[in-house]
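Give the three-dimensional model of this entry:
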Amino acid sequence: MTVACRSLVVFGLLALPGTGAGQDRLKERAVLRGHTRYVNSVAYSPDGTLLASAAEDGTVRLWDVRTAREKATFEASGTEFVSLAFSPDGKTIAAAGGDFAGGEEDRRLLPSAIRLWDARTGKTRAILKGHAGHISAIAFSPDGRTLASGGNTSTSFLDFAGQIKLWETADATQRAALGSELSVVTSLVFTPDGRALVAGCDSTETVRVWEVETGKERAGFKGHKKLSACVAVSRDGTLVACAGSRGAVEVWDARTRETRPPVTLGDVQSARVAFSPDNRLLAVSTWDGRPGKATDARVGVYDVATGKALAVSGLYPDQFGDMVFSPDGRTLAAGSGDQTVKLWQVPAGK
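Here you go, the predicted structure:
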C-alpha cells in the first residue's frame, strides 16, 4: 500500500500526501554516495557550505554542498553511528551511536562514547564516556556550551531504559544526568533560547521537557498516540512536532501546551519531521512498515500556515533517517537506508 492513497491532516487542514492536482513532485537535486551502510543522520554546517552524514559503517562524511563532492571522512572502528550534530560555530562535529566488539557470532554491545572532531582538520577533540550502553541522540545547545546525549542504561539488547546526560563542551566533562524511568531516547532538541531540552522517547505518549540550568522537569507535551522517532521545534520556539509510531504526527503550541489536530498519515509505520529555518514549512517522511521490509518511503513538504502540500517525492524502496533543511531553506537533505544521502529542492510557498 502507498501513502499516496491516504489523506493527511496538517494542523487541521486537508492535504493529500501523494502527488496530484495542485501539488508538485519534490525534485531531487543530488544523491551523495560513499557510505556502505544505513545513513542515519545528517547535519548542515551553520554557514550551509558543508553537509555531514553519519552511518552505521562507522564513518562521518563531509560533503561540499556546492559541488556535492566528498571532502573528508572521519572514522571510528566498531561504531555504528546513529546521531550527528554540528556545533553552532561550525568548528566541531559530534557523532554517537553504538560501539560494538566481536564478530557475527559473538557480537556484543559496549558502553558507547560520543566523538568530537575538529571540522576543519578532522582531529579528535574529545571522546565523551559515561553512557552504559547505546547512544541514540545528541544535540548542541544554541550557545554551543552544552552537549546533550540520550542513551541506554546498559549493554543488554533487552534493556529499553534510557537516560539523558549533559556535557560541558569546554572541558568534555559530564555536567548532569536527567530523567528517571525513561524509555529509549530517540530524539533531543534544545529550545531556541537554550533554556529547555525537549526529548522524544520511544513507545510513550509524552514528549518530555527539562530546564537545562536546574535539571528540573517541566510539564511535557501529551500526545493522543504513542510517539517515537523524531521531535522538532520551530526556530521561533512556538511549535513542537513529534513523529508517532502509528501513522500520526502530533503538534503542540509550545506556549500553551495545547495539542493541535494531529497530522494523520494513514496506515504507515512511522515518520520523521523537520521545520524549515523560517518556520513556514514542515517536512514529513513516511514508510509503510510491512513486516520485514520498509517499503514505499516518501518525503513531503507542507505549508505550516495553510496545511497545503507543496511537493511530495516519488516512492523509494528504503526508509529515511533524519532530515534537515539547509540554513537558507532551499534544500532538504535526508539519510537513507540505501546507503545514500538524498537532497531535494524545496519549493517556494504558493
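
Name the surrounding residues that touch stretch 32-42.
Identification of contacts with stretch 32-42 by Cβ atoms under 8 Å, 6 or more residues apart in numbering yields 51-57, 59, 61, 63, 68, 70, 73, 80-84, 95, 97, 321-324, 333-337, 339-343. Yep, even glycine has a C-beta here, placed from its N, CA and C like the rest.

Take the residues you listed and keep only those in strands.
51-55, 59, 61, 63, 70, 73, 80-84, 95, 97, 321-324, 333-336, 340-343 (DSSP state E).

sorry, back to before: pull out the buried members of the contacts of stretch 32-42.
In the contacts of stretch 32-42, burial by neighbour count holds for 51-57, 59, 61, 63, 80-84, 95, 97, 321-324, 333-337, 339-343, counting by 16 or more other Cβ atoms under 10 Å.

Next, count neighbours for residue 66.
Each residue near residue 66 was counted by other Cβ atoms under 10 Å, and the total is 9.

no wait, residue 248
Neighbour tally, residue 248, other Cβ under 10 Å: 25.

Please apply the same query to the one 5 residues further on.
Here the count is done by other Cβ under 10 Å, and residue 253 has 13 residues near it.

and it, what pLDDT?
Reported pLDDT at residue 253 in the predicted model: 88.

Pretty sure residue 212 is one of the things residue 141 touches, is it not?
Yes: in terms of Cβ atoms under 8 Å, residue 141 counts as a neighbour of residue 212; the distance is 6.9 Å.

can you list residues touching both of the two?
For the pair residue 141 and residue 212, residues contacting each of them under the criterion Cβ under 8 Å, 6+ apart are 190, 194.

Residue 188 is in what secondary structure piece?
Taking DSSP states H and E as the definition, one finds residue 188 inside strand 185-190.

and that strand, which strands flank it?
Here strand 185-190 has these sheet partners by DSSP bridges: strand 196-201 (antiparallel).

Now do the strand it pairs with: distance to the chain's middle.
Centroid separation between strand 196-201 and its chain, computed with Cα atoms, centre = their mean, to the nearest Å, is 12 Å.

ok, now stretch 179-195?
Between the mean C-alpha position of stretch 179-195 and that of its chain there is a distance of 12 Å (Cα atoms, centre = their mean).

What average pLDDT does that stretch get?
When pLDDT is averaged over stretch 179-195, the result is 88.

residue ranges with poor pLDDT in the stretch 251-350 of the chain?
Scanning the stretch 251-350 of the chain with the threshold set as pLDDT under 70 gives 261-264, 269-270, 289-294, 307, 349-350.

at 80 what do you get?
Scanning the stretch 251-350 of the chain for pLDDT under 80 picks out the ranges 259-271, 288-295, 303-309, 348-350.

Can you list the residue ranges for helices in it?
Assignment of helices within the stretch 251-350 of the chain using DSSP state H, counting those that start in this stretch yields no ranges at all.

Please enumerate the strands of it.
Along the stretch 251-350 of the chain, counting by DSSP state E, counting those that start in this stretch, strands occupy 259-264, 270-275, 281-287, 298-303, 309-312, 320-325, 331-336, 340-345.

Dump those into a markdown table; add distance to residue 173 as well.
Shown next, in a markdown table, are the strands of the stretch 251-350 of the chain (distance: least, Cβ to Cβ, whole Å):
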| stretch | distance to residue 173 |
| --- | --- |
| strand 259-264 | 38 |
| strand 270-275 | 31 |
| strand 281-287 | 36 |
| strand 298-303 | 39 |
| strand 309-312 | 45 |
| strand 320-325 | 27 |
| strand 331-336 | 30 |
| strand 340-345 | 33 |
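
so which of those strands comes closest to residue 237?
When those are compared for distance to residue 237 using Cβ to Cβ, the nearest one is strand 270-275, at 10.5 Å.

For that closest one, give me every contacting residue.
Residues external to strand 270-275 that are found in contact with it (Cβ under 8 Å, 6+ apart): 228-235, 239, 241-245, 247, 249, 265, 281-287, 289, 304, 320-325, 332, 334.

and if we set it to 6 Å?
By Cβ atoms under 6 Å, 6 or more residues apart in numbering, the residues outside strand 270-275 that reach it are 228-230, 232, 234, 241, 243, 245, 249, 265, 282-286, 323-324.

can I get the CA coordinates of it in PDB?
What follows is strand 270-275, C-alpha atoms only, in PDB (Å, rounded to 0.1, in the frame of the first residue of the first chain):
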ATOM      1  CA  SER A 270       6.400   5.900  11.400                       C
ATOM      2  CA  ALA A 271       7.600   9.300  10.400                       C
ATOM      3  CA  ARG A 272      10.400  11.900  10.700                       C
ATOM      4  CA  VAL A 273       9.700  15.600  10.900                       C
ATOM      5  CA  ALA A 274      11.700  18.800  10.400                       C
ATOM      6  CA  PHE A 275      10.800  22.500  10.400                       C
END
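
Any buried residues in that strand, and which?
For strand 270-275, using 16+ other Cβ under 10 Å, the buried residues are 270-275.

and if you look at stretch 311-327?
The neighbour-count criterion (16+ other Cβ under 10 Å) identifies 311-313, 316, 318-326 as the buried residues of stretch 311-327.

so how far does it reach from one end to the other?
Here the two ends of stretch 311-327 are set 19 Å apart, with distance taken as Cα to Cα, to the nearest Å.

One more: stretch 122-137?
First-to-last residue span, stretch 122-137, Cα to Cα: 22 Å.
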